[in-house]
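Undergrad: Next input, structure requested:
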Amino acid sequence: MYTIVYRDNRRNAVMKGMRSIFTWTLQTAESINKFRIEKTTSLLLIALLLATGLLFLPFALSDQSSTSFGTLGAINYGGGSTRPLHVDGKWIKDDLGNVVHLYGADRGGFNNDPYGRWEAQGETYQGGRGNFRPTAVRYQFGVMQSTWSFNAMRWTFPIQWWAQNTSGFRLWLTQAIMIASEYGIYIIIVPYSVVAGTSADAMAFPPYASHTGASNIIPDENAFVDFWASVATSLAGLNNVIFDLWNEPNSGNQPVNQAKADWQRVWQRCIDAIRAVSNNLILVQWGYGTGPNENMDWITQYAVTGTNLVYSTHMYSTSMGYAYSPTATYEELNATFQRNGVHQVSRTLPLIWGEVGAVSSESVFLQNLLRLLNDLDIVGYLAWIWAPGPDAPVYYGLLQNTGYVPAPNYIGQIVLDAVAAAPRD
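TA: Now for the predicted structure:
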């Protein structure tokens, strides 16, 4: 049972009908799968539900403040096996005091499909476009949990889909997060672009987002803060969701120091807005990642404050433009970490690698990197990406190019072995 609890009593009259529509839609989506309603009928039913309720949700739920995103309110979800997380020193812990490490993979299903593109058993890559099937979602989570021992996934998506609730995106994102909890999997959600179907933006607000139409969705930094307030309010009742404010924020073609100052100011505002409604973990990152000539000094030089903050970075080899050798040794990587401040940060703050990846020619680099991360006992890492590869059809893909869910390819097996050997408490 999914129950929506609205925080603003002033809107009770408007929300009474919307509450029923949203709860009914969630239950109906499950029922369509459970009772195998004929496909055409089920699609018409979902379309009717979305047309009568969810498509108007952003407008019906809008506050009288400057935000234009609206909110679903908080969702109280009684199912699942995940527990609330918090930061204690350099560790992530659950509400029982147990140390929790996060290991998993990034997934781009919500990049190009508002339903999440969940391939069912035996389907080819991208065979799940255009509809949301809970059985397919559960099937993939089951493999992630049982075969890969994953307890975390990181999902990228464009802001436009949340802002406009494209094809009911908010519903499908929420339901997928709920299903993940049933398998003990935490979900990191992270926007990477403002407009769907475009490449990544440096940051979400002008002048860092320059794709056509971006300023209509995020006209200024206030709108970006409002976006995160909307997301956090809507998902605050899900204890397995983690908020990653932006994928690889950088200066774009703007002066670096000005960009870092803008990042610090806006990220602090987003953290404050989220903390007003949610205590869920927040991932904080500046830049593309940790390279041999890049360090972690942004954490202190452009510090943000707040509770339950986890610091994130990414790391690849030469194929992604990083200066690490494809055959970098454990000792070379360790010396670099000593030099660029990774060791120092990992001793005092919760540090996670939100992306690590390699093509087939970089397997030595990846194997040594993951062994080093395990020895450092950071709070976790996620491998890019849950897709066929590693060289084609998707760069860095962890899976073989066969029917879903494929066995791990050579790069995927390195990740699987590293996770099996990783610290768990």
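
Undergrad: contacts, neighbours, all on C-alpha from now
TA: OK.

Undergrad: in terms of contact, does Leu238 touch Met178 like I think?
TA: Yes: assessed by CA atoms under 8 Å, Leu238 is found in contact with Met178 at 7.2 Å.

Undergrad: low-confidence ranges in the protein?
TA: In the predicted model, the chain carries pLDDT under 70 at residues 1-68, 71-79.

Undergrad: Helices along that one, start to end?
TA: Ranges of helices within the chain are 12-35, 39-52, 57-60, 134-146, 159-164, 169-182, 214-217, 221-235, 256-275, 298-301, 330-340, 342-348, 363-376, 410-421, based on DSSP state H.

Undergrad: hey, which of the ones you listed is tucked in deepest?
TA: helix 221-235 (a mean of 23; mean count of other CA atoms under 10 Å).

Undergrad: got the CA coordinates for it in CSV?
TA: This file holds the C-alpha atoms of helix 221-235, laid out as CSV (Å, rounded to 0.1, in the frame of the first residue of the first chain):
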residue,chain,number,x,y,z
GLU,A,221,19.4,29.5,-9.7
ASN,A,222,16.1,30.0,-7.7
ALA,A,223,14.4,27.6,-10.0
PHE,A,224,17.1,25.0,-9.5
VAL,A,225,16.7,25.3,-5.7
ASP,A,226,12.9,25.0,-6.2
PHE,A,227,13.4,21.9,-8.3
TRP,A,228,15.3,20.2,-5.4
ALA,A,229,12.8,21.3,-2.9
SER,A,230,10.1,19.7,-5.0
VAL,A,231,12.0,16.4,-5.4
ALA,A,232,12.9,16.2,-1.7
THR,A,233,9.4,17.0,-0.5
SER,A,234,8.0,14.4,-2.9
LEU,A,235,10.4,11.6,-2.0
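
Undergrad: Okay, angle between that helix and helix 169-182 too, please.
TA: 50 degrees (axes from the mean of the first three to the mean of the last three CA atoms, to 10 degrees).

Undergrad: Return the list of helices and strands in contact with helix 221-235.
TA: Secondary-structure packing of helix 221-235 (3 or more CA pairs under 8 Å, 6 or more residues apart in numbering; DSSP states H and E): strand 74-77, helix 256-275.

Undergrad: One more pass at 10 Å, please.
TA: Contacts defined by 3 or more CA pairs under 10 Å, 6 or more residues apart in numbering; DSSP states H and E place helix 221-235 against strand 74-77, helix 159-164, helix 169-182, helix 214-217, strand 241-244, helix 256-275.

Undergrad: Mind putting the ones you listed into TSV with distance to Ala392?
TA: Compiled in TSV, those are given as follows (distance: least, CA to CA, whole Å):
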stretch	distance to Ala392
strand 74-77	39
helix 159-164	28
helix 169-182	27
helix 214-217	31
strand 241-244	28
helix 256-275	34
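
Undergrad: Out of the ones you listed, the one nearest Asn111 is which?
TA: helix 159-164 (9.6 Å; CA to CA).

Undergrad: how distant is the closest one from the center of its chain?
TA: Computed by CA atoms, centre = their mean, to the nearest Å, the chain-centroid distance of helix 159-164 equals 15 Å.

Undergrad: same for it, what does it pack against?
TA: Under the contact rule (3+ CA pairs under 10 Å, 6+ apart), helix 159-164 is packed against helix 57-60, helix 169-182, strand 186-193, helix 214-217, helix 221-235.

Undergrad: re earlier: among the helices and strands packed on helix 221-235, which comes closest to Trp148?
TA: Closest among these, once you apply CA to CA, is helix 169-182, at 14.5 Å.

Undergrad: That closest one packs against which elements?
TA: helix 12-35, strand 74-77, helix 134-146, strand 152-158, helix 159-164, strand 186-193, helix 221-235, strand 241-244.

Undergrad: Would you mind writing the CA trace of it as CSV?
TA: Written as CSV, here are the backbone C-alpha positions of helix 169-182 (Å, rounded to 0.1, in the frame of the first residue of the first chain):
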residue,chain,number,x,y,z
PHE,A,169,7.8,10.3,-15.0
ARG,A,170,7.4,11.2,-11.4
LEU,A,171,5.2,8.1,-10.8
TRP,A,172,7.6,5.7,-12.6
LEU,A,173,10.6,7.1,-10.8
THR,A,174,8.9,6.8,-7.4
GLN,A,175,7.6,3.3,-8.0
ALA,A,176,11.0,2.1,-9.2
ILE,A,177,12.6,3.5,-6.0
MET,A,178,10.0,1.7,-3.9
ILE,A,179,10.6,-1.6,-5.7
ALA,A,180,14.4,-1.2,-5.1
SER,A,181,13.8,-1.0,-1.4
GLU,A,182,12.2,-4.5,-1.5
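
Undergrad: let's number from 605 now, not from 1
TA: From this message on, residue numbering opens at 605, which makes the last subject helix 773-786.

Undergrad: just to revisit the earlier point, so which of the helices and strands packed on helix 825-839 gets nearest Thr894?
TA: With CA to CA, the closest approach to Thr894 among those belongs to helix 860-879: 16.0 Å.

Undergrad: Just the CA coordinates for that closest one, please, in PDB.
TA: Listed in PDB are the C-alpha atoms of helix 860-879, where the atom choice follows Å, rounded to 0.1, in the frame of the first residue of the first chain:
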ATOM      1  CA  VAL A 860      36.700  28.600 -13.000                       C
ATOM      2  CA  ASN A 861      36.800  30.600  -9.700                       C
ATOM      3  CA  GLN A 862      33.500  32.300 -10.500                       C
ATOM      4  CA  ALA A 863      31.900  28.900 -11.300                       C
ATOM      5  CA  LYS A 864      33.100  27.400  -8.000                       C
ATOM      6  CA  ALA A 865      31.700  30.400  -6.100                       C
ATOM      7  CA  ASP A 866      28.400  30.000  -7.900                       C
ATOM      8  CA  TRP A 867      28.500  26.300  -7.200                       C
ATOM      9  CA  GLN A 868      29.100  26.900  -3.500                       C
ATOM     10  CA  ARG A 869      26.300  29.400  -3.100                       C
ATOM     11  CA  VAL A 870      23.700  27.500  -5.000                       C
ATOM     12  CA  TRP A 871      24.600  24.100  -3.600                       C
ATOM     13  CA  GLN A 872      24.300  25.500  -0.100                       C
ATOM     14  CA  ARG A 873      20.900  26.800  -0.900                       C
ATOM     15  CA  CYS A 874      19.800  23.400  -2.300                       C
ATOM     16  CA  ILE A 875      21.100  21.600   0.800                       C
ATOM     17  CA  ASP A 876      19.200  24.000   3.000                       C
ATOM     18  CA  ALA A 877      16.000  23.500   1.000                       C
ATOM     19  CA  ILE A 878      16.300  19.700   1.100                       C
ATOM     20  CA  ARG A 879      17.000  19.800   4.800                       C
END
